[in-house]
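Novice: Sharing a sequence plus its predicted fold:
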Amino acid sequence: MAAVHIDGKRVIPENCLRFQTSRSSGPGGQNVNKLNTRVTVIFDPASCPTLTGVQKQRLFKKLASRIDKDGCLRISSQRYRRQHANRQDALDRLAALVADAVKPPVKRRRTAVPNSAIRKRLEQKKRRSQAKRLRSKPDIDKE
């Protein structure tokens, strides 16, 4: 068992991960009823020493729908017929999810509205106004 590399700096140690195996649905031939090929990785972010408090908060906020009542993140894989391949697939998906969740949000930079956009909006308003004006009945009282 190896640690999961999130990015160049962060690594989830193997003592923060638990694995469960179960029978997989789907293809498998004669092995489908005999072998436990589905792998579920259980990650407890609260006990992970490599994540900072802010990163843990981000992770819990972004992955709230995927975290169970015990505070653990569960990822299952049954894509392959071999347990080892499903295990690696689940670890890869865990790494991608955690890396995306702990990434700090990009700050929005305010930009000025381009003059061309302002001009185009005003021209559209004039055209629309002209079309509505042409639809109305002419005023006879003014003459």
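Specialist: Cool, the structure landed.
Novice: all strands of the chain, in order?
Specialist: All strands of the chain, identified by DSSP state E, fall at 4-5, 11-12, 17-22, 38-43, 73-77.
Novice: quick one, the fourth one and strand 73-77 angle?
Specialist: Spelled out, that is strand 38-43. 160 degrees (axes from the mean of the first three to the mean of the last three Cα atoms, to 10 degrees).
Novice: Check the offset of strand 38-43 from the chain's centre.
Specialist: Between the centre of strand 38-43 and the centre of its chain there are 18 Å (Cα atoms, centre = their mean, to the nearest Å).
Novice: list the helices and strands it packs on?
Specialist: When contacts are defined as 3 or more Cβ pairs under 8 Å, 6 or more residues apart in numbering; DSSP states H and E, strand 38-43 sits against strand 17-22, strand 73-77, helix 83-102. C-beta here means a position set from N, CA and C on the backbone, and glycine is covered the same way.
Novice: Okay, buried residues for the longest one please.
Specialist: By neighbour count, with 16 or more other Cβ atoms under 10 Å as the criterion, the buried positions of helix 83-102 are 83, 86, 87, 89, 90, 91, 94, 95, 97, 98, 101, 102.
Novice: Name the nearest of the residues you listed relative to residue 8.
Specialist: Using Cβ to Cβ, residue 95 comes nearest to residue 8 of the buried residues of helix 83-102, at 12.2 Å.
Novice: From residue 35, how far out is the closest one?
Specialist: Distance of residue 95 to residue 35, given as Cβ to Cβ, to the nearest Å: 26 Å.
Novice: In this protein, where is pLDDT below threshold?
Specialist: Residues of the chain meeting the criterion pLDDT under 70: 1-2, 26-33, 141-143.
Novice: what about 80?
Specialist: Residues of the chain meeting the criterion pLDDT under 80: 1-3, 6-9, 23-36, 138-143.
Novice: ok, now which ones touch residue 65?
Specialist: Contacts for residue 65 (Cβ atoms under 8 Å, 6 or more residues apart in numbering) come out as none.
Novice: swap that for residue 24, sorry
Specialist: Counted by Cβ under 8 Å, 6+ apart, residue 24 has contacts 32, 36, 37, 38, 78, 81, 86.
Novice: Now, of these, which are buried?
Specialist: For these, buried by 16+ other Cβ under 10 Å: 37, 38, 78, 81, 86.
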